[in-house]
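1. sequence and predicted model, in that order:
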Amino acid sequence: MGTHVWRVLIFICLASCALFAQVNPRSTARQPGAAASAVPIDTELNGMLRQIEQSASNLNLELGKLRVEKWKIDSASKRQAESNIDSVQRNLTAALPGFVAAVRNAPRNVAPGFRLYRNLSVLSEVLNSIAESAGAFGPRDEFERLADDINGLETARTALGKRVESLAEAQAAELARLRSQLQAKAQQAPAKVVVDDNAASKAKSTARKKPKPASSEQATEPPSTDQATKPQ
């Protein structure tokens, strides 16, 4: 599984989450202060992770017992072997536990599972190189103990790879289903409201017209009869 496949898996994961939020907006809403419920981890995955942890612990011990200085190789090859051993031990004790914890916290997420798988693949490659050197230049018992633990780690790595692949396929199917739902909703367009611009213009023009003045003649006031009379 290369870098391109990793990017595709991450895209599928993020895209499916985004589409799920659009189709089911209420499902992602949370009450203020409410904690996210933990996703239960299945028995199969829990067994894989425990096997990885146990194999990593055994490998760290066995690598520490190797006496590279006694191997029948040149000094440059000894230094390279010691450097590889140091790198692997740092990964087993510092990096690997974080990858395992991430998978345990998000068992249905493709990204943490693939990161753990990729790290195990790198470890497997370097460990096989160390084991070959131990078998060729060191005591046979050291090689046998180391090979047993490497096989245990490889078995867990293979099982994890199949799980990640299954998760990716399931999420791809879910993504296609959600996309179909969005397309179906988009096709259910509301009825269009037809507006008669001419009628609206006429109504606006009529509202602005002033009323015409009355055509009848204005009434004249009658002459005042209240006049003072002179005395006779």
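-> Sure thing, it's come through. All values derive from a computational prediction rather than experimental measurement.

2. quick one, helices of the chain?
-> With DSSP state H applied, the chain shows helices at 3-23, 43-65, 75-90, 96-105, 110-137, 140-187, 197-208, listed in chain order.

3. could you identify which of those helices is most buried?
-> Of all the helices of the chain, helix 110-137 has the most neighbours on average by mean count of other C-beta atoms under 10 Å, namely a mean of 19. The way it works is simple: take the backbone N, C-alpha and C, and place the C-beta from them, glycine included.

4. can you name every helix or strand that it contacts?
-> Judged by 3 or more C-beta pairs under 8 Å, 6 or more residues apart in numbering; DSSP states H and E, the packing partners of helix 110-137 are helix 3-23, helix 43-65, helix 75-90, helix 96-105, helix 140-187.

5. one step back: make JSON lines from the helices of the chain and add mean pLDDT to it.
-> Formatted as JSON lines, the helices of the chain follow (pLDDT from 0 to 100):
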{"stretch": "helix 3-23", "mean pLDDT": "44"}
{"stretch": "helix 43-65", "mean pLDDT": "94"}
{"stretch": "helix 75-90", "mean pLDDT": "94"}
{"stretch": "helix 96-105", "mean pLDDT": "96"}
{"stretch": "helix 110-137", "mean pLDDT": "94"}
{"stretch": "helix 140-187", "mean pLDDT": "88"}
{"stretch": "helix 197-208", "mean pLDDT": "60"}
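
6. isn't Ala156 right up against Leu120?
-> Yes: between Ala156 and Leu120 there is a contact at 7.5 Å, judged by C-beta atoms under 8 Å.

7. what touches both of those two?
-> By the contact definition C-beta atoms under 8 Å, 6 or more residues apart in numbering, Ala156 and Leu120 are jointly contacted by Ile52.

8. need the helices and strands packed on helix 110-137 in TSV (columns: distance to Leu116).
-> Shown next, in TSV, are the helices and strands packed on helix 110-137 (distance: least, C-beta to C-beta, whole Å):
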stretch	distance to Leu116
helix 3-23	12
helix 43-65	8
helix 75-90	16
helix 96-105	4
helix 140-187	7
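
9. out of those helices, flag the one nearest Ile130.
-> Among the helices and strands packed on helix 110-137, helix 75-90 comes nearest to Ile130, with 5.6 Å by C-beta to C-beta.
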